[in-house]
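>>> Give me a 3D structure for the following:
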Amino acid sequence: MLLRKDRLMRSLTMNLSLAMAATFGLVAFSGMASAADMPTEYPPIIEAPEPMPLPAVGGWYLRGDIGYKFYQAPKASFSDPSWGSIGNNGNMRDEKMLGAADFGAGVGYKFNDYLRTDLTLDYETPAKFKGSVFCVSTPCGGGTWNASESAKITAYSALANLYADLGDFHGLKPYIGAGAGASYLKTSDVKSGGLDANTGNGPKGEGKWNFAWAVMAGVEYPISDRLSLDLGYRYLNLGDAKTGTVTDGSGNVTRTDYKDIAAHEVRLGLRYYLN
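Numbering: from 1, shown residues only. Down below sits the predicted model:
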């Protein structure tokens with residue numbers, strides 16, 4: 001009897017232990033499941049602000065231009081007023097210089113939206129000069145302006161230019177500028193109407209280097225991101241020109257000097273930006 005009670009007690013104790021173990025296991029499993037179902041917490045994501053775009057700060061460009069020069073009348077004279085049979089102290093009158101075409105090319109740098117610079121080289125087709133000479137002796141009409149002198153003058157120039165761009169007005173970008181550099185003026189052989197009877201021939205052509213300067217204004221019109229059309233005006237002072245010397249029958253030596261050769265120009269060009 002006692003043995004049966006002892007067995008019963010041990011059976012109850014074992015069953016109770018198993019029940020408690022099962023209960024603890026279920027509770028632990030439920031806790032794990034609940035923890036797994038909870039959302040995982042991460043540190044807040046801080047988004048960095050987008051970088052501000054940098055303004056354009058320069059770029060190289062190439063340029064090419066064509067134009068037409070309208071020359072002012074230069075002053076022409078003979079270096080020796082006693083030469084030949086000329087009068088009026090060797091000064092000509094009615095001087096005029098015909099227009100000429102101009103072709104240019106250059107390379108430049110744009111610092112920002114308001115300032116740029118370039119170096120340009122220009123070639124001008126020969127421009128014809130003509131002036132009247134006062135003749136004091138019989139061979140050329142005696143006491144009249146019957147004599148004349150004509151020659152062609154070819155110009156080359158190299159300028160360093162600085163420009164101020166004045167803004168953008170509905171796609172049109174006006175500018176002003178100035179430049180300085182050098183010019184080379186080459187005269188042709190001179191044709192002396194009415195004077196050759198005293199000299200046998202006219203002076204030969206000769207070249208001369210000068211200081212040159214210019215002021216300009218115009219407008220740029222962008223055709224694409226890299227290509228722009230440039231329509232402009234330029235006043236260009238090329239300096240002076242001269243011929244070679246010539247000797248008359250009395251041994252007097254003279255040459256023709258052309259002073260203040262300057263022109264108003266209308267120019268059309270293209271600018272190509274490399275970056």
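>>> As a check, name the ranges of all helices in this structure.
2-37, 196-199 (DSSP state H).
>>> count of neighbours near Met216?
By other CB atoms under 10 Å, the residues close to Met216 number 19. (Each C-beta comes from the backbone N, C-alpha and C, glycine too.)
>>> and if you look at Glu220?
When neighbours are counted by other CB under 10 Å, Glu220 registers 19.
>>> Same check on the one 3 residues further on?
Burial measure for Ile223: 11 neighbouring residues, criterion other CB under 10 Å.
>>> Distance of it relative to Leu270?
According to CB to CB, to the nearest Å, Ile223 stands 8 Å off from Leu270.
>>> Now list whatever residues contact both of those two.
Here Ile223 and Leu270 share the contacting residues Leu229, scored by CB atoms under 8 Å, 6 or more residues apart in numbering.
>>> shaky segments in the stretch 51-200 of the chain?
51-57, 82-85, 87, 137-143, 194-200 (pLDDT under 70).
>>> got the residue ranges for the strands in it?
Applying DSSP state E, counting those that start in this stretch to the stretch 51-200 of the chain gives strands spanning 59-71, 75-78, 93-97, 100-110, 115-135, 144-165, 173-187, 191-193.
>>> hey, which of these is tucked in deepest?
strand 75-78 (a mean of 22; mean count of other CB atoms under 10 Å).
>>> helices and strands around that one, which ones?
strand 256-273 (3 or more CB pairs under 8 Å, 6 or more residues apart in numbering; DSSP states H and E).
>>> Okay, buried residues for the strand it packs on please.
Buried residues in strand 256-273, counted by 16 or more other CB atoms under 10 Å: Thr256, Asp257, Tyr258, Ile261, Ala262, Ala263, Glu265, Arg267, Gly269, Arg271, Tyr273.
>>> residues in contact with stretch 144-154?
Contacts for stretch 144-154 (CB under 8 Å, 6+ apart): 76, 86, 92-94, 97, 124-135, 140-141, 185-195, 202, 205, 241, 243, 256, 258, 261.
>>> okay, the buried residues of strand 256-273 in a markdown table with pLDDT and distance to Trp213 next?
What follows is the buried residues of strand 256-273, written out as a markdown table (pLDDT from 0 to 100; distance: CB to CB, whole Å):
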| residue | pLDDT | distance to Trp213 |
| --- | --- | --- |
| Thr256 | 89 | 24 |
| Asp257 | 92 | 20 |
| Tyr258 | 94 | 18 |
| Ile261 | 97 | 12 |
| Ala262 | 97 | 10 |
| Ala263 | 98 | 12 |
| Glu265 | 98 | 13 |
| Arg267 | 98 | 16 |
| Gly269 | 98 | 19 |
| Arg271 | 97 | 22 |
| Tyr273 | 95 | 27 |
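>>> Out of these, flag the one nearest to Gly171.
Using CB to CB, Arg271 comes nearest to Gly171 of the buried residues of strand 256-273, at 14.7 Å.
>>> what are the bridge partners for that closest one, then?
Under DSSP bridges, the beta-bridge partners of Arg271 are Arg63, Ser228.
>>> And for Thr256?
Beta-bridge partners, per DSSP bridges, of Thr256: Phe78.
>>> same deal with Gly59?
Here Gly59, judged by DSSP bridges, has bridge partners Lys110.
>>> Let me see the contact set for it.
Tyr109, Lys110, Tyr273, Leu274, Asn275.
>>> again with Arg234
Gly67, Ala214, Val215, Met216, His264, Glu265, Arg267.
>>> how about 7 Å then?
Ala214, Met216, Glu265, Arg267 (CB atoms under 7 Å, 6 or more residues apart in numbering).
>>> does the second one really touch Tyr233, like I thought?
I take that to be Met216. Yes - using CB atoms under 7 Å, Met216 is in contact with Tyr233, at 6.4 Å.
>>> Pull up the distance across stretch 62-81, start to finish.
49 Å (CA to CA, to the nearest Å).
>>> Distance from the chain centre to that stretch, please.
Centroid displacement of stretch 62-81 relative to its chain, using CA atoms, centre = their mean, to the nearest Å, is 22 Å.
>>> Ok, stretch 239-249 next?
37 Å.
>>> Same check on stretch 106-119?
Centre to centre, stretch against its chain (CA atoms, centre = their mean), the figure for stretch 106-119 is 6 Å.
>>> what does that stretch contact?
Outside stretch 106-119, the residues touching it (CB under 7 Å, 6+ apart) are 57-63, 120-121, 160-165.
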